[in-house]
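Student: Kindly return the folded structure for what I paste below:
(one chain, ligands or ions: 2)
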Amino acid sequence: MSYKILAINPGSTSTKIALYEDEKEIFTNTINHPVELIDKFENVEDQLNMRRELVMSNLREKGFDIKDLSCVVARGGMLPPVKSGAYIINDLMIDRVENRPVMEHASNLAAPIAYGIAKKAGVTSYIYDSVMTDEFTDIARISGMPDIPRTSSSHVLNTRAMAIKAAKKLGKRYDELNIIVAHLGGGISINLHSGGQIIDLVSDDEGPFSPERAGRVPCRELINLCYSGKYDKKTMQRKLRGNGGLKAYLNTLDARDVEKMIAEGNQEAKTIYEAMAYQIAKGIGELATVVEGKVDLIILTGGIAHSKMLTSWIEKRVAFIAHVEIMPGENEMEALAFGALRVLRGEETAREYTE
Ligand SMILES: Nc1ncnc2c1ncn2[C@@H]1O[C@H](COP(=O)(O)OP(=O)(O)O)[C@@H](O)[C@H]1O
Ligand SMILES: CCCC(=O)OP(=O)(O)O
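Tutor: Numbering: from 1, shown residues only. Ligands and ions are numbered 1, 2, ... in the order given. Prediction:
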C-alpha cells in the first residue's frame, strides 16, 4: 500500500507545497507572493484566505484530486512549547495559531490551510517538528536572570530530519547518538540531539550572527543603545532580526554575494564572513560540553552549507570534536513528508494537541 502526502510550508514571501507518494516526490511548487501583495495586509494572519486560495488553485492546475490524499502535513506555527514529531491538528490548535499565536509568523498559516484541505478530503492533518519544540533539561532553562528563563526555539524541521537521515546512513538509531546540527540559513541555530531529544541549543539570539540576524551581542551595550533615544523598539528589533549580521556589515543577505566580494579582494568582507564561521564553530563547541565531549557527529545543513569556503572554516575548528557531515539545503518539504509517512506507517505516534 502506498501513501499520498500533501505538505504545506508558508514562509514570509512564499508558500511551498509538495506532493509525495511514499518517499517519492511527485512535485514541489513554490508559490511566490510579491512584496507589493504582502504589504497590502496589516498582519500575517490576514493573508490566510489569499494563501489558501492560491494553494487550492495550484492543486487544481496540477489536476490533483484531494480525495486521493492519505493525509496533509504542515509546518508547525508559533505554539506554546511542544514536543518534537507529529501533532494532530485540531480546533484548539487552530484557535491558538489564528487568534493567540506566541509570535506573528507566516508558519501560523500552515495548520489552518492544511486543516481545511484535510477536512474536505476526509483525512487527518498534522503539524511536524514545530520550531517551538522544547525538550530542554531543567538545567538548560537557567539563564542567570530569573525574569528571562531560556526557551527552546530552533530550525527543528530541517535539523531533526538531517540527524535522523545521518543516523540511518551510519546504521544506527537516531536516539542512540549525540548529534550537533547547525542550520545555516537566513537565520542560524545550532541544536544538540541526545537520546532522541533536542536537550539544548544555541538559538538565533544566543549565538552566531547570520545573514539577517545579529545573534548574541554584548548585553550592556545593547541596553545602552535601547535607551539612547536614537531608536524606537521596532528599529531595535529589526537590528536583531532582519537587519543584523551580514546585512548590517555588508548590505547583503546573500552569502554568495559575500563570496564574490571576497574573490574581488574585499578584505572587510573576508573578516566578517570568517567571523560568522568562527562564531558558528564556537556555538558547536559550547554544545559539545553538554554531553561532556561525547559527540558522535556534527552536521552542517541549510542553504549556506553549500559554501565550501564557510564549511571548511567551521570544520577546521570543530573537527577535533567529531566527524563533520555536510548536508546542504533546507530540505523542509521532504522533512514534513517523511515525518508524516512515519506516522502513517505506524513507526511514530502523533500526539493530541492540548494546552
Ligand atoms: N551555493 C551557495 N553558497 C553559499 N551560500 C548559499 C548558496 N546557496 C544558497 N546560499 C545561501 O543560503 C541562504 C538561505 O538558506 P536557506 O536554508 O534556504 O534559508 P532559510 O533558513 O532562510 O530558509 C542565503 O543566505 C543564501 O545566500
Ligand atoms: C529559529 C526559529 C525558526 C526561524 O527563525 O525560522 P526562519 O529562519 O525560517 O524564520
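Student: so what's R52 closest to, chain neighbours aside?
Tutor: Excluding its sequence neighbours, the residue lying closest to R52 (C-beta to C-beta, 6 or more residues apart in numbering) is I113, at 5.0 Å. C-betas here are computed from N, CA, C, even on glycine.
Student: On the pLDDT front, check T311 for me.
Tutor: Per-residue pLDDT puts T311 at 98.
Student: can you give me phi and psi for whichever residue of the stretch 251-355 of the chain sits closest to ligand 2?
Tutor: Using C-beta to the nearest ligand atom, the closest approach of the stretch 251-355 of the chain to ligand 2 is made by E330 at 8.2 Å. Main-chain torsions, E330, degrees, to the nearest 10: phi -100, psi -10.
Student: any idea how far L287 is from it?
Tutor: 21 Å (C-beta to C-beta, to the nearest Å).
Student: neighbour count winner among the two?
Tutor: Shown here are E330 and L287; by other C-beta atoms under 10 Å, L287 has more neighbours (24 against 21).
Student: In this structure the more buried one contacts D200, no?
Tutor: Yes: here L287 reaches D200: they are 6.2 Å apart, a contact under C-beta atoms under 8 Å.
Student: Common neighbours of the two, please.
Tutor: Residues touching both L287 and D200 (C-beta atoms under 8 Å, 6 or more residues apart in numbering): 191-192.
Student: Which residue is the nearest non-sequential neighbour of the residue of the stretch 251-355 of the chain closest to ligand 2?
Tutor: Once flanking residues are discounted, E330 sits nearest to N158: 5.4 Å by C-beta to C-beta, 6+ apart.
Student: after the helix or strand hosting the one you found, next one along is what?
Tutor: Assigned by DSSP states H and E, N158 falls within helix 156-169. Downstream of helix 156-169, the next assigned helix or strand under DSSP H and E is strand 178-184.
Student: could you give the angle of that following strand to helix 156-169?
Tutor: 130 degrees (axes from the mean of the first three to the mean of the last three C-alpha atoms, to 10 degrees).
Student: what's next to the helix or strand following strand 178-184, contact-wise?
Tutor: Scanning forward in sequence from strand 178-184 by DSSP H and E, the next helix or strand is strand 188-194. The contact list for strand 188-194 (C-beta under 8 Å, 6+ apart) reads 153-156, 159-160, 163, 174, 177-183, 198-204, 207-210, 213, 215, 280, 283-284, 287, 290-291, 302.
Student: if you set the cut-off to 6 Å instead, what comes out?
Tutor: By C-beta atoms under 6 Å, 6 or more residues apart in numbering, the residues outside strand 188-194 that reach it are 154-155, 159, 163, 178-183, 198-204, 208, 210, 283, 287, 290-291.
Student: Then stretch 157-176?
Tutor: Residues lying outside stretch 157-176 but in contact with it, judged by C-beta under 6 Å, 6+ apart, are 129, 177, 179, 181, 183, 191, 193, 195-196, 297, 299, 301, 325, 327, 330-332, 335.
Student: buried set for it?
Tutor: 157-167, 174 (16 or more other C-beta atoms under 10 Å).
Student: per-residue confidence averaged over that stretch?
Tutor: Averaged over stretch 157-176, pLDDT sits at 96.
Student: Report the contact partners of the most centrally placed residue in the chain.
Tutor: By C-alpha atoms, centre = their mean, the mean C-alpha position of the chain lies nearest to H155, the distance being 2.6 Å. Going by C-beta under 6 Å, 6+ apart, H155 touches 183, 189.
Student: cool, F27 as well?
Tutor: The contact partners of F27, taken as C-beta under 6 Å, 6+ apart, are L19.
Student: and it, helix, strand or coil?
Tutor: Under DSSP: H, G, I helix; E, B strand; the rest coil, F27 falls in the strand class.
Student: Which residue or residues pair with it through a beta bridge?
Tutor: In this entry, F27 is beta-bridged to L19, by DSSP bridges.
Student: Grab the nearest non-local neighbour of whichever residue of the chain sits closest to ligand 2.
Tutor: Nearest residue of the chain to ligand 2 (C-beta to the nearest ligand atom) works out as G187 at 3.4 Å. Leaving out its chain neighbours, the residue that sits closest to G187 by C-beta to C-beta, 6+ apart is D204, at 4.6 Å.
Student: And the pLDDT at the one you found?
Tutor: Note on D204: pLDDT of 92.
Student: so how far is V73 from it?
Tutor: For D204, the distance to V73 equals 24 Å [C-beta to C-beta].
Student: R160 too?
Tutor: 14 Å.
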